[in-house]
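**Q** Build me a structure from this.
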Amino acid sequence: MLPALSRIGRRRSLRAGAALAVVLGLLLWWLLPLGDPAPTGTLSFSTGVPSGVYQRYGERLKGALAKDLPDVSINLQTSEGSQQNLARVAAGEADFTIATTDAVATYLRARKPGYQRLRGCVRLYDDYIQLVVKRDSDIDSVADLRSRKVAVGQPGSGVKLVADRLMTAAGLDPVHDVTPLPVGIDTMPELLEDGTLDAFFWSGGLPTAAVTDLSERFPIRLVPLEEPLIKQLQAAGGSTRYYRSAVIPADAYRNAQQGQAVPTVAVANVLVTTDRTDAAMTEAFTRTVIDSRDRIGHAVHSAQLVDLRTAIYTDPLPLHEGAKRYYRSVKP
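**A** Just a heads-up that it's a prediction; the model follows:
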């Protein structure tokens, strides 16, 4: 009998030990944090001109990040646009930014300072090139800009990059055949109204508030950018492969388009950071960009076009490791 009782006692001890191990394991699971700790610190986000889509998007994204990352402070920096944005992030003067893919490809191709550190997080929405003139203007094509006063965007903008390329494709020298004014969308509309300008180029999401506001107080129209011009633009090679034919829908600017869709050029935007940015921070930032699409989209229509199915395609930039972690976490 004694050996049997001894065996029973040992079994009871083993069961009690196993139960205790389970309890301790559950207690540790409850007490210890899972994965990376919540991001903390301060981030700088370089946007665009004050009344442009980049800035309006950045303002709404800052609000979404404040809810999702309460221990992270976000500072917004206005900028001239894509080219300046990339230079800032590459130099460590900003942590995140938005830039068009043609500007990114140009920066990489030129091997500008810090180019090898740039990383993509999200493919966002497309920018549409808009050539705006007075409704009664005799400008019907880019070639008609010869000898005219044309706003081409600030030197560090993506607008300047594509405006110069479009004029070159149309057979114009963007310096000598037009009078270029290096101003942004924050001042272009007023200059067209008062006669200082004959036309202005803008590259932005649809609709851009500054163009909408102008169309509601002053008669304007959009000049079509036809397929032959786009093919000539793409023939230059290099980063021009990121341009594609597109159409501005008839209801984008009702007063300006008067029921007519307008052919144009489109180029994608990407959310950009560098390999310096912490993976956990980038993962959290990327998650907020995707999750806040509908909230931001109520105020900035372009944000509604952010799509999880295409967000991962940040060519010509490789994905940041933190962004990869996010996309793996939501993969079906």
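
**Q** alpha carbons only for contacts and neighbour counts from here, please
**A** OK.

**Q** report the longest strand in the chain, please.
**A** Using DSSP state E to define each element, the chain has its longest strand at strand 118-134.

**Q** Relative to the whole chain's centre, how far out is that one?
**A** 7 Å (Cα atoms, centre = their mean, to the nearest Å).

**Q** any weak-confidence spans in this structure?
**A** Along the chain, the model assigns pLDDT under 70 to residues 1-36, 332.

**Q** how about the strands in it?
**A** Using DSSP E, strands in the chain cover 41-46, 72-77, 96-100, 118-134, 149-151, 179-181, 199-204, 220-222, 244-248, 262-274.

**Q** Tell me how many other residues surround the residue nearest to residue 218 when sequence neighbours are not counted.
**A** Closest residue to residue 218 in three dimensions, ignoring its sequence neighbours and counting by Cα to Cα, 6 or more residues apart in numbering: residue 193, at 7.1 Å. Number of residues near residue 193 (other Cα atoms under 10 Å) recorded here: 17.

**Q** was I right about residue 193 contacting residue 220?
**A** No. Residue 193 is beyond contact range of residue 220, at 9.3 Å (criterion: Cα atoms under 8 Å).

**Q** before we move on, the earlier item: for the strands of the chain, give me JSON lines that also has mean neighbour count.
**A** Converted to JSON lines, the strands of the chain look like this (neighbours: other Cα atoms under 10 Å):
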{"stretch": "strand 41-46", "mean neighbour count": "18"}
{"stretch": "strand 72-77", "mean neighbour count": "17"}
{"stretch": "strand 96-100", "mean neighbour count": "28"}
{"stretch": "strand 118-134", "mean neighbour count": "26"}
{"stretch": "strand 149-151", "mean neighbour count": "26"}
{"stretch": "strand 179-181", "mean neighbour count": "18"}
{"stretch": "strand 199-204", "mean neighbour count": "26"}
{"stretch": "strand 220-222", "mean neighbour count": "25"}
{"stretch": "strand 244-248", "mean neighbour count": "18"}
{"stretch": "strand 262-274", "mean neighbour count": "23"}
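
**Q** Tell me, how many residues neighbour residue 169?
**A** 21.

**Q** Over to residue 288?
**A** When neighbours are defined as other Cα under 10 Å, residue 288 has 19 of them.

**Q** Next up, the contacts around it.
**A** By Cα atoms under 8 Å, 6 or more residues apart in numbering, residue 288 lies in contact with 64, 65, 68.

**Q** same check, this time on residue 107
**A** Neighbouring residues of residue 107 by Cα under 8 Å, 6+ apart: 83, 86, 115.

**Q** if you set the cut-off to 7 Å instead, what comes out?
**A** Neighbouring residues of residue 107 by Cα atoms under 7 Å, 6 or more residues apart in numbering: residue 115.

**Q** ok, it to residue 99 distance?
**A** Computed as Cα to Cα, to the nearest Å, the residue 107 to residue 99 distance reads 11 Å.
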